[in-house]
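A.B. asks: sequence plus predicted model, see below.
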Amino acid sequence: MPPTRSARATGAPSDPPVSGPAGPEVVPALPAGLRPPGPFDPWAAFHAGWDVWSGGLADAQGIARRARWRLRDLLTEAAAAPWQARRLRAAAGPAAGDPARSRLAARRAADIPLESLEPMTRADLMAHFDECCTDRRVTLAGVRDFLADPSRLGEAYLGEYAVWTSSGTTGTPGVYLHDARALAIYDALETLRLCGLGQPGEGQRMFEDLLRAPFVEAHRYAMVGATGGHFAGNASVERLRRLLPWAAANAQVFSILQPLPALVAQLNAYAPSVIATYPTAAELLAQERAAGRLGVHPQEIWVGGEQLSESVRSQVSEAFGCRVREGYGASECLSIAWDCGHGSLHVNADWVILEPVDHAFAPVPAGQPSHTVLLTNLANRVQPLIRYDLGDSVTLRRAPCPCGSAFPAIRVEGRRDETLEFDSEHGPVRLLPLALVTVMEDEAGAFEFQLIARDRRSLALRLDPHADAAAGVPLRPRCHQVLRAFLDAHQLAGVAIADDPQAPARDPVSGKLRRVLRARS
């Protein structure tokens, strides 16, 4: 599973925070039975696998038909969440979203046209968190207590739900719940579509590999991201490690917060067959591979979470001599679209509805980049996300994709943060944007910021003028402290940190905040 776009992670990807500036060591394999696994339903997994496989054989009309009946079911279930019920009533009258959930009210909710519902934002979700969940036992206070314990990574909240957190690229960090059914669907989508197991040739090759090397001996999965928190990819890896303790040693998470030489040494020792990470991290690893310092020979590299340019794809593929697969997902929905290998990302339109829209939330035509995109996750019933403003700019492809798939093809413009390079006494040191963002969010508690490399010896810090009030404490001294510790750990004691009085500037197209970038002359 590649890194998600709004979940800071990478690898099965996703990333977490850490307690020290250099980052933790490789996550060790857990003894079997030490902790209970996250939500898993064998019947749901079987049903999801069959459904996703058969959905891949459907034509455009069949895909749309599946989406329509799932939307009806989702709208019916959503009425159990008071805030969602109010949205339904606002769209279709007082009887449509009755929380009492009479049969008639449920039927009326199911018939509401999707476009009649007002879009929802991450800020809406977090402001009305308890009322946005259909399970009335769920509370934000209870979820935050759960998240505060890093040892519960990969476990199920209330014994039933995966909990993932996202970064604050749109200004408000998010918290998302997913039930066992939704997780089974994500697993099936990732396995059969992104990884290609549903394709005859790919499936045969993978099956032959398993016959030749049972118990996953020949397959070692490395997620390269930030580690330590309940982020989508990071938590997903840990959940699978607990579900399959006999294979736990073959799925590891490696921290990008540590100095690059330490990361390279760990990957050389582990020798992964699959690496999942962000494009910026993949590019950095490709440079290490080309320089002869990284000696791994993966069969595939999976990327996501950031915009992947064709030049970076080619560079990474050439350096490692393997295929690069791109996935598009988020903490809100782990598997939104997958890379067909012909230059397109195909939307899982039987389980996801994506609406590319302009500033006024009006649809944009194919071929035109959207201002944002509205997501409706048809798989998740515990925390319904219906017309949710995801914040990415998406372009729907005009012409059919050469691969022949009936699933809609899109191009996504996601995060565009930049890798920074500074001079140290021992030569140049490159810092990944994800590592800097993680340190600022998890160590300093800052979300509305920009870090700008003015030159190779100075880093400028911009903070939102209202950041102190939102955090309840002065943030600038804390930011300086954690940045200084991080730079020093990377042998960059000579790099100065300067305050920039200018407020962070959002991207005029996507509305997202480019938080790590180089100054333009």
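C.D. replies: Everything's here; your move.
A.B. asks: quick one, domains of the protein?
C.D. replies: The chain is divided into the following domains under automatic domain parsing: 43-177, 420-518.
A.B. asks: can you redo those domains as a markdown table with mean neighbour count, distance to T191 and mean pLDDT?
C.D. replies: From N, CA and C alone the C-beta is placed, and that goes for glycine too. Shown next, in a markdown table, are the domains of the chain (neighbours: other C-beta atoms under 10 Å; distance: least, C-beta to C-beta, whole Å; pLDDT from 0 to 100):
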| stretch | mean neighbour count | distance to T191 | mean pLDDT |
| --- | --- | --- | --- |
| domain 43-177 | 18 | 8 | 87 |
| domain 420-518 | 18 | 25 | 88 |
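A.B. asks: where are the low-confidence patches of the stretch 201-350 of the chain?
C.D. replies: For the stretch 201-350 of the chain, the stretches with pLDDT under 70 are 201-218, 228.
A.B. asks: do a quick rundown of the helices in it.
C.D. replies: Per DSSP state H, counting those that start in this stretch, the stretch 201-350 of the chain carries helices over the ranges 232-243, 260-270, 279-290, 310-320.
A.B. asks: so P384 belongs to a helix, correct?
C.D. replies: No: counting by DSSP: H, G, I helix; E, B strand; the rest coil, P384 is not found in a helix; it is coil.
A.B. asks: count the neighbours of it for me.
C.D. replies: 24 (other C-beta atoms under 10 Å).
A.B. asks: would you mind measuring from the nearest residue to it once chain neighbours are set aside to R72?
C.D. replies: Distances taken as C-beta to C-beta, 6 or more residues apart in numbering place A78 nearest to P384, at 4.1 Å, with adjacent residues excluded. A78 is 11 Å from R72, where distance means C-beta to C-beta, to the nearest Å.
A.B. asks: repeat that for S311.
C.D. replies: 44 Å.
A.B. asks: please, where are all the strands along the stretch 151-300 of the chain?
C.D. replies: Using DSSP state E, counting those that start in this stretch, the strands of the stretch 151-300 of the chain run over residues 162-165, 175-178, 221-225, 251-255, 274-277, 300-303.
A.B. asks: now do the fifth one: which elements does it pack against?
C.D. replies: Spelled out, it's strand 274-277. strand 221-225, helix 279-290, strand 300-303 (3 or more C-beta pairs under 8 Å, 6 or more residues apart in numbering; DSSP states H and E).
A.B. asks: and the last one, C-alpha only, in CSV?
C.D. replies: Yep, that's strand 300-303 we're talking about. Extracted in CSV, the C-alpha atoms of strand 300-303 (Å, rounded to 0.1, in the frame of the first residue of the first chain):
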residue,chain,number,x,y,z
GLU,A,300,8.8,-2.9,-7.0
ILE,A,301,8.6,0.6,-5.5
TRP,A,302,5.2,2.0,-4.4
VAL,A,303,4.8,5.7,-4.0
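A.B. asks: if we can go back for a sec, ok, which of the strands of the stretch 151-300 of the chain comes nearest I353?
C.D. replies: Among the strands of the stretch 151-300 of the chain, strand 175-178 comes nearest to I353, with 17.2 Å by C-beta to C-beta.
A.B. asks: identify the residues contacting stretch 340-349?
C.D. replies: Applying C-beta atoms under 8 Å, 6 or more residues apart in numbering, the contact partners of stretch 340-349 are 63-64, 67, 189, 193, 323, 325-326, 328, 335-339, 354, 397, 401-403, 405, 407-412.
A.B. asks: so which of those are in strands?
C.D. replies: 323, 325-326, 328, 335-339, 354, 409-412 (DSSP state E).
A.B. asks: from those residues, which two are the most distant?
C.D. replies: Longest span within the ones in strands among the contacts of stretch 340-349, C-beta to C-beta: R323 and L354, 25.2 Å.
A.B. asks: circling back to that earlier point, would CSV of the strands of the stretch 151-300 of the chain with distance to T121 be doable?
C.D. replies: Formatted as CSV, the strands of the stretch 151-300 of the chain follow (distance: least, C-beta to C-beta, whole Å):
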stretch, distance to T121
strand 162-165, 17
strand 175-178, 14
strand 221-225, 26
strand 251-255, 30
strand 274-277, 29
strand 300-303, 27
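A.B. asks: which of the ones you listed sits closest to F231?
C.D. replies: Proximity to F231, assessed across the strands of the stretch 151-300 of the chain by C-beta to C-beta, is greatest for strand 162-165 (6.0 Å).
A.B. asks: that'll do, ta.
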